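1. Structure for this input, please:
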Amino acid sequence: MNVADRYRFREDGNEIRIMPQYSFIRFLVWWLVAGIMALPVIYFYRTQMSLNTFQIAVGLWGVYMIYFLFDLIFRIPVTYIFDKSQKCIYKKLYFSRKIMNFDEMTYFIHEEWGTYYFSIGKKRNQFVKNYRISNYFSGSKASNRREDEYIEKVLCPVLQAVGIPVNQPK
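-> The predicted structure follows:
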């Protein structure tokens, strides 16, 4: 999967669209299938379990499924739209919402737990409210290669559209 498919990066004359979480959909669907297949297994072994153990297993299964369904419905489809004609950035889940103008935007690298990702936010309060626009990178060789590809094919076109000077690697 190349970087344009991984982020569902689309660039046309008036706007750029990015879905930062889209690459997790395949992983998420496999875990959902595993969760669906686990329910008959739990139900089959209910006679060997006590009532409390069965209730705990079904409760854990329910939390597991709610977590993955929440991700599938509310995190994966988030799209950031950089509208060049109106010079605004929109966040679209099921409805579009303006989050900032181009002149208010700054980007930075957010580090946590040994990994990092690229975020955007308003210049005055980027550390209070920010929006993740990349996957996590770890610093390994494969991650560095994915990061370089992300910077070249996704981040640089976005920054050029917004008007932020870019020192693009050759």
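
2. how close does residue 115 sit to residue 147?
-> Separation of residue 115 from residue 147 (Cβ to Cβ, to the nearest Å): 11 Å. For every residue, glycine as well, the C-beta is placed using N, CA and C.

3. So between the two, which is more surrounded?
-> residue 147 (19 against 13; other Cβ atoms under 10 Å).

4. Helix or strand: which one has that one?
-> helix 141-150 (DSSP states H and E).

5. which residues touch that helix?
-> Residues outside helix 141-150 that contact it (Cβ atoms under 8 Å, 6 or more residues apart in numbering) are 2, 3, 7, 118, 134, 135, 137, 169.

6. Distance check, the residue nearest the centre of the chain against residue 134.
-> Closest to where the C-alpha atoms of the chain average out (Cα atoms, centre = their mean) is residue 21, at 2.5 Å. Distance, residue 21 to residue 134, by Cβ to Cβ: 10 Å.

7. My read is that the residue nearest to the centre of the chain contacts residue 75, right?
-> Yes - at 5.3 Å, residue 21 counts as touching residue 75 under the criterion of Cβ atoms under 8 Å.

8. Strands of the protein, start to end?
-> 10-11, 15-18, 79-83, 88-92, 96-101, 105-112, 115-122, 130-132 (DSSP state E).

9. Make JSON lines out of those strands and add distance to residue 69 and mean pLDDT.
-> Shown next, in JSON lines, are the strands of the chain (distance: least, Cβ to Cβ, whole Å; pLDDT from 0 to 100):
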{"stretch": "strand 10-11", "distance to residue 69": "26", "mean pLDDT": "88"}
{"stretch": "strand 15-18", "distance to residue 69": "23", "mean pLDDT": "90"}
{"stretch": "strand 79-83", "distance to residue 69": "19", "mean pLDDT": "91"}
{"stretch": "strand 88-92", "distance to residue 69": "20", "mean pLDDT": "92"}
{"stretch": "strand 96-101", "distance to residue 69": "23", "mean pLDDT": "90"}
{"stretch": "strand 105-112", "distance to residue 69": "25", "mean pLDDT": "86"}
{"stretch": "strand 115-122", "distance to residue 69": "24", "mean pLDDT": "88"}
{"stretch": "strand 130-132", "distance to residue 69": "21", "mean pLDDT": "87"}
